[in-house]
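K.L.:
turn this into a structure:
(one chain, ligands or ions: 2)
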Amino acid sequence: MNEEREEHEERELARCTKCGFCLPTCPTYGVTGAETDSPRGRLELLSRRLGGTLRAREVRSALNECLLCGSCTAACPQGIPTARMVRRAKSREGAGLFGLLVRGVFSHPEFLRVVGRFSRRANGAGKAPGGVAPDRASPIRVAYFPGCSHGFWYPETKVATGNVLVAAGAGVWELSPLCCGLPLWAAGDREGAAALAGRVLTAFRAAGEPTVVTDCASCAATLREYPELLPREPAAVRLAAKVWDLAAFLAETGYESPPGPRIPGPLAVTYHQPCHARQSGEGEATRRLLESLPGVEYREAKGYDACCGGAGLWGLRHAELSGKILARKMAAFAATEAGLVVTSCPACRMQLERGVRRAGLKLAVGSVAGMLVRPKPLWEEPDR
Ligand code: SF4
Ligand code: SF4
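P.N.:
Residues are numbered from 1 along each chain as shown. Ligands and ions are numbered 1, 2, ... in the order given. Prediction:
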């Protein structure tokens, strides 16, 4: 790390007053109660590592066990960006074998397509539908960025989102089938994430730098962080300024739910707000959209904006801890007695689906677009 960067990190770390206000917000501390699993403890470990009194292996598990959820920053009077600092530290320490594996999978859309197909088959989902048809005729031109999860795991949602955008009056086409780079970056592979970001930027430039809409809160957050990944690339700043979350875009353009079969409700719906949507503030647009839908009775779950314990691949790597965090969410959803939980992050959706199966709940999990385009009655088979 260069000297300037090191000084910056040390200054950030020195701002921590050890007050502990962040502790109750941290999902890992909430489960284990261990100081090293808390934001304050992680900052202390980072500080000692930077000071040279701890070795890499002594901080590795505390860093890897951070969900990068950002809950602590919102509660911190100093506004210390712990998640970002942990992510930077992971990149400094190196991504290791796990990082290589993540890069190998997520840098290759062809490979993701095959993995997605197998996973859909294993989950009993049918053949994937076609992609979003290019339609650039409308004066509002929108490039849709589905991200790899919608692209390969939930292609029905990808089609539904394309349809919703067209119904909102936009000319829509798919910007790129690439992964935004978040799984690599979170694993500590900043270089691999920057390479993917560069490829997405090439597509953005080639498309004439349009407005970009995504229905994945995590993709939205990552695209907006491209200036940090590619600091010498002016187009990264321009892209970051043109990214919209689906619900926020619909609210901005005055979209109303399309005419057609209504839910003969009331259908009780609850919401899981992804961490990235909480951080951007756009999660509120999704919540307002759900509240406004005819036939929907919105029921807010306790801790609807708390992390689900998925965090992309984190949940697979830390299955026990993840399961305990997820169990709390499931109890909160069960208490609402809703029949459907909607979320705007496909990785959260996978995690919630796991939670529903484990808890044996009668709760469907769906997407925002799935609430707006209803090829089938939602109460029978939401979103698929
Ligand atoms: S709330 Fe902020 S200042 Fe207080 S202990 Fe946590 S990170 Fe440090
Ligand atoms: S980012 Fe999340 S998991 Fe990591 S220290 Fe902060 S609250 Fe805890």
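K.L.:
show me which residues of the stretch 51-200 of the chain sit near ligand 1.
P.N.:
76, 78, 80, 82 (C-beta under 6 Å from any ligand atom). (Each C-beta comes from the backbone N, C-alpha and C, glycine too.)
K.L.:
list only buried entries from those residues.
P.N.:
76, 80, 82 (16 or more other C-beta atoms under 10 Å).
K.L.:
what's the closest of the residues you listed to ligand 2?
P.N.:
T82 (4.6 Å; C-beta to the nearest ligand atom).
K.L.:
contacts for stretch 233-249?
P.N.:
Under the contact criterion C-beta atoms under 8 Å, 6 or more residues apart in numbering, stretch 233-249 has outside partners 142, 145, 161, 164-165, 168, 197-198, 200-201, 204-205, 209-215, 217, 220, 223-227, 229-230, 252, 277, 280, 282, 285-286, 288-289, 344, 368-369.
K.L.:
revised request: answer the last question for stretch 100-113.
P.N.:
Against stretch 100-113 from outside (C-beta under 8 Å, 6+ apart): 95, 115, 148, 151-152, 177-179, 181, 183-184, 187, 189, 192, 195-196, 313.
K.L.:
pull out the buried members of the residues you listed.
P.N.:
Buried among the contacts of stretch 100-113 (16+ other C-beta under 10 Å): 95, 148, 151-152, 177-179, 181, 183-184, 187, 189, 192, 195-196, 313.
K.L.:
out of those, which sit inside helices?
P.N.:
148, 183-184, 192, 195-196 (DSSP state H).
K.L.:
now distance to G20 and pLDDT too, for the residues of the stretch 51-200 of the chain next to ligand 1, in a markdown table please.
P.N.:
A markdown table is the format used below for those (distance: C-beta to C-beta, whole Å; pLDDT from 0 to 100):
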| residue | distance to G20 | pLDDT |
| --- | --- | --- |
| C76 | 10 | 96 |
| Q78 | 12 | 94 |
| I80 | 13 | 94 |
| T82 | 13 | 95 |
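K.L.:
show only the entries of those found in helices.
P.N.:
With DSSP H as the criterion, helices contain T82 from among these.
K.L.:
how about the residues of the stretch 51-200 of the chain next to ligand 1, which pair is most distant?
P.N.:
Largest separation among these by C-beta to C-beta: Q78 and T82, giving 10.2 Å.
K.L.:
just to revisit the earlier point, and of the buried ones among the contacts of stretch 100-113, the nearest to ligand 1?
P.N.:
A187 (23.6 Å).
K.L.:
would you confirm that R278 contacts C308?
P.N.:
No - counting by C-beta atoms under 8 Å, R278 stays clear of C308, with 11.6 Å between them.
K.L.:
who has more neighbours, the two?
P.N.:
C308 (30 against 20; other C-beta atoms under 10 Å).
K.L.:
and the gap between the more buried one and T28?
P.N.:
13 Å (C-beta to C-beta, to the nearest Å).
K.L.:
find residues that contact each of the two.
P.N.:
I325.
K.L.:
which helix or which strand is home to the residue in the stretch 151-300 of the chain that ligand 1 sits nearest to?
P.N.:
Closest approach between the stretch 151-300 of the chain and ligand 1, counting by C-beta to the nearest ligand atom: Q279, at 16.0 Å. Element membership of Q279, judged by DSSP states H and E, is helix 275-280.
K.L.:
tell me what the very next helix or strand once past that helix is packed against?
P.N.:
The helix or strand immediately downstream of helix 275-280 is helix 283-292, counting by DSSP H and E. Judged by 3 or more C-beta pairs under 8 Å, 6 or more residues apart in numbering; DSSP states H and E, helix 283-292 is in contact with helix 246-252, strand 267-272, strand 296-298, helix 368-372.
K.L.:
ranking the ones you listed by burial, who's on top?
P.N.:
Ranked by mean neighbour count, these are led by helix 368-372 with a mean of 25 (mean count of other C-beta atoms under 10 Å).
K.L.:
contacting residues for V212?
P.N.:
Contact analysis of V212 by C-beta under 8 Å, 6+ apart lists 142-145, 175, 204, 223, 239, 242-244.
K.L.:
that one and A235: what is the separation?
P.N.:
Using C-beta to C-beta, one obtains 12 Å as the distance from V212 to A235.
K.L.:
please report phi then psi for the residue in the stretch 51-200 of the chain that ligand 1 sits nearest to.
P.N.:
Across the stretch 51-200 of the chain, no residue is closer to ligand 1 than C76, which sits at 3.2 Å (C-beta to the nearest ligand atom). Here is the backbone geometry of C76 (degrees, to the nearest 10): phi -80, psi 120.
K.L.:
not counting sequence-adjacent ones, nearest residue to it?
P.N.:
C22 (5.0 Å; C-beta to C-beta, 6 or more residues apart in numbering).
K.L.:
now G99
P.N.:
Per C-beta to C-beta, 6+ apart, closest to G99 is D189, 4.2 Å.
K.L.:
my read: the one you found touches R92, true?
P.N.:
No - using C-beta under 8 Å as the test, D189 is too far from R92 to be in contact (11.9 Å).
K.L.:
helix/strand/coil for the closest residue to ligand 2 within the stretch 201-350 of the chain?
P.N.:
For the stretch 201-350 of the chain and ligand 2, the shortest gap (C-beta to the nearest ligand atom) falls at C307, measuring 6.6 Å. What DSSP: H, G, I helix; E, B strand; the rest coil gives for C307 is coil.
K.L.:
helices or strands up against the helix holding Q279?
P.N.:
Using 3+ C-beta pairs under 8 Å, 6+ apart, helix 275-280 sits against helix 71-75, helix 217-224.
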